[in-house]
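Visitor: sequence and predicted structure, then a few things I'm wondering about:
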Amino acid sequence: MKKILITGGAGFIGSHVVRRFVTNYPTYQLFNLDALTYAGNLENIADIEHLPNYTFVKGDITDADFITAFFQKEQFEGVIHLAAESHVDRSITDPLAFVKTNVIGTMNLLNAAREIWKNDFAGKRFYHISTDEVYGSLGSTDLFTETTPYDPNSPYSASKASSDHFVRAYGETYGLPYVITNCSNNYGPNHFPEKLIPLFIHNIITNKPLPVYGDGKYTRDWLYVLDHAIAIDLVFHQGGNHETYNIGGFNEWQNIDLVKLLCQKMDKKLGRMPGTSSQLITYVKDRPGHDLRYAIDASKINTELGWKPSVTFEEGLEQTIDWYLNNEVWLQHVTSGDYQKYYEKQYS
Ligand code: NAD
Ligand code: TYD
């Protein structure tokens, strides 16, 4: 029986990864460690919490003593590390929170893993889930490959780049077995409505302005979250030691085109006249240090592990919109309290 720790499993991507592992690998013992910050929500994984191979532990990866004791007690063989502060706009307001969780939190996990594995690394694996944003911003034609130099521009991406470097350094210096993936923008069910797609779905439902930063010509590559979970499963089991894989959707959109498509689809779903939701589009002040374009060359994971996205953007967006329309209670729960304060501060 394999004992595996997944961090951040109550968040957006983590909840899909936890569900996949708990249901696909009944002989593994899966631990989900999450501090339940504003972005963590046990409702995301309520359907699997009764399963015998699943344990939830509320805990903070920045607490070194707790993490050390937790690893000593449970003797994990594998770590899939997703816990992070993940929103660029929040990193601009409070960069230190990102250093604490993303850098120091990752260091605590690395130290604890190294300590319990006692330099006998056979059968062990530390998997760091990272982002394409570490590579910085692209011009109009090139793509991020695994050898693109790191050039982060936001406090968020700088903190993720830093934690990637520490993971690699532990591999080089101590021989710690690791794998890193750098993925493009995810979308799908359970996405906290501060990121573009879920925020705009929520605002269309509630008839609020759709705040497009700058001229809206910024480009992102979008991947359905379940396809990311499939890739994580593959890389965890079959990825090469000390390797990095880029994961992407082969699906680039300028923000404004994506927002217009979303408006069209939402008009249909909500039975509104065509053109109703697009009237909510409002151009607002740009994000400082806004990266122009992200785009991924995912050919390495395709060639070596046979992964490619299975869900088209059309299907994924439909499923995402339907999920939000069918889960109004979830939306209400996560958009009350602290969220209201954040929203007023960010968009006033
Ligand atoms: P999220 O913000 O939805 O979830 C993060 C989770 O981590 C939450 O459940 C939160 O409670 C938990 N957490 C935060 N600080 C913690 C701490 N100190 N201790 C323990 N738990 C803590 O994030 P997400 O979008 O699901 O992203 C997950 C990971 O994937 C992150 O590492 C992120 O950098 C990476 N990533 C995200 C995307 C994306 O598009 N969302 C793309 C590529 C990579
Ligand atoms: P976001 O979902 O925050 O992801 P990331 O910054 O990690 O790519 O933003 C996606 C794109 O949408 C990015 O170019 C910023 C833009 N954006 C807006 O125009 N308005 C908004 O309110 C938000 C949250 C994002």
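Guide: It's in. Ligands and ions are numbered 1, 2, ... in the order given.

Visitor: around ligand 2, pick out the residues from the stretch 101-250 of the chain.
Guide: Asn185, Lys195, Leu196, Leu199, Pro211, Val212, Tyr213, Tyr218, Arg220 (CB under 6 Å from any ligand atom). (C-beta placed from N, C-alpha, C; glycine too.)

Visitor: give the PyMOL command for selecting the buried subset of these.
Guide: Isolation of the buried members of those (16 or more other CB atoms under 10 Å) is achieved in PyMOL through the command below:
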select buried, resi 185+195+196+199+211+212+218+220
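
Visitor: just flag the most distant two among the residues of the stretch 101-250 of the chain next to ligand 2.
Guide: Farthest apart among those by CB to CB are Asn185 and Pro211. That separation is 17.3 Å.

Visitor: those strands in this protein, which residues are they?
Guide: 3-7, 29-34, 54-58, 78-81, 125-131, 178-183, 185-187, 210-213, 219-224, 243-247, 252-254, 281-284 (DSSP state E).

Visitor: a markdown table for these, including distance to Leu109 and mean pLDDT?
Guide: Listed next are the strands of the chain as a markdown table, based on distance: least, CB to CB, whole Å; pLDDT from 0 to 100:
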| stretch | distance to Leu109 | mean pLDDT |
| --- | --- | --- |
| strand 3-7 | 7 | 98 |
| strand 29-34 | 9 | 98 |
| strand 54-58 | 13 | 98 |
| strand 78-81 | 6 | 98 |
| strand 125-131 | 8 | 98 |
| strand 178-183 | 11 | 98 |
| strand 185-187 | 22 | 98 |
| strand 210-213 | 33 | 98 |
| strand 219-224 | 25 | 98 |
| strand 243-247 | 18 | 98 |
| strand 252-254 | 33 | 97 |
| strand 281-284 | 37 | 98 |
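
Visitor: out of everything not next to it in sequence, what's closest to Ile67?
Guide: Computed as CB to CB, 6 or more residues apart in numbering, the closest residue to Ile67 that is not its neighbour in sequence is Asn108, at 4.5 Å.

Visitor: what residues does the residue lying closest to Asp338 once chain neighbours are set aside make contact with?
Guide: In space, Asp338 comes closest to Tyr38 once its chain neighbours are excluded; the distance is 5.3 Å by CB to CB, 6+ apart. Counting by CB atoms under 8 Å, 6 or more residues apart in numbering, Tyr38 makes contact with Phe192, Asp338, Tyr339, Tyr342.

Visitor: distance of Tyr38 from Gln340?
Guide: Here Tyr38 is placed at a distance of 11 Å from Gln340 (CB to CB, to the nearest Å).

Visitor: surely Lys3 touches Phe76?
Guide: Yes. Counting by CB atoms under 8 Å, Phe76 is a contact partner of Lys3 at 5.2 Å.

Visitor: these two - which one has more neighbours?
Guide: Phe76 (25 against 14; other CB atoms under 10 Å).

Visitor: bridged to the residue nearest to that one when sequence neighbours are not counted, which residues?
Guide: Leaving out its chain neighbours, the residue that sits closest to Phe76 by CB to CB, 6+ apart is Leu5, at 4.5 Å. For Leu5, the beta-bridge partners are Phe31, Val79 (DSSP bridges).

Visitor: hmm, Gln75 and Leu5 touching each other?
Guide: No. If you go by CB under 8 Å, Leu5 and Gln75 don't touch, sitting 10.3 Å apart.

Visitor: could you check which of those two has the larger neighbour count?
Guide: Leu5 (26 against 9).

Visitor: contacting residues for that one?
Guide: By CB under 8 Å, 6+ apart, the neighbours of Leu5 are Phe31, Leu33, Phe71, Glu74, Phe76, Gly78, Val79, Ile80.

Visitor: all the helices of the protein, residue numbers only.
Guide: Taking DSSP state H, the helices of the chain run over residues 12-24, 64-74, 88-93, 95-98, 105-117, 155-174, 196-205, 225-238, 255-270, 299-305, 313-326, 328-334, 338-347.

Visitor: nearest to ligand 1, of those helices?
Guide: Ligand 1 lies closest, by CB to the nearest ligand atom, to one member of the helices of the chain: helix 12-24, at 3.5 Å.

Visitor: touching the closest one from outside, list them.
Guide: With CB under 8 Å, 6+ apart as the criterion, helix 12-24 contacts 4, 6-9, 28, 30, 32, 34, 39, 41, 44-45, 47-48, 51, 53-54, 80, 82-83, 86, 129, 186, 188, 190-192, 225-226, 228-230, 232-233.
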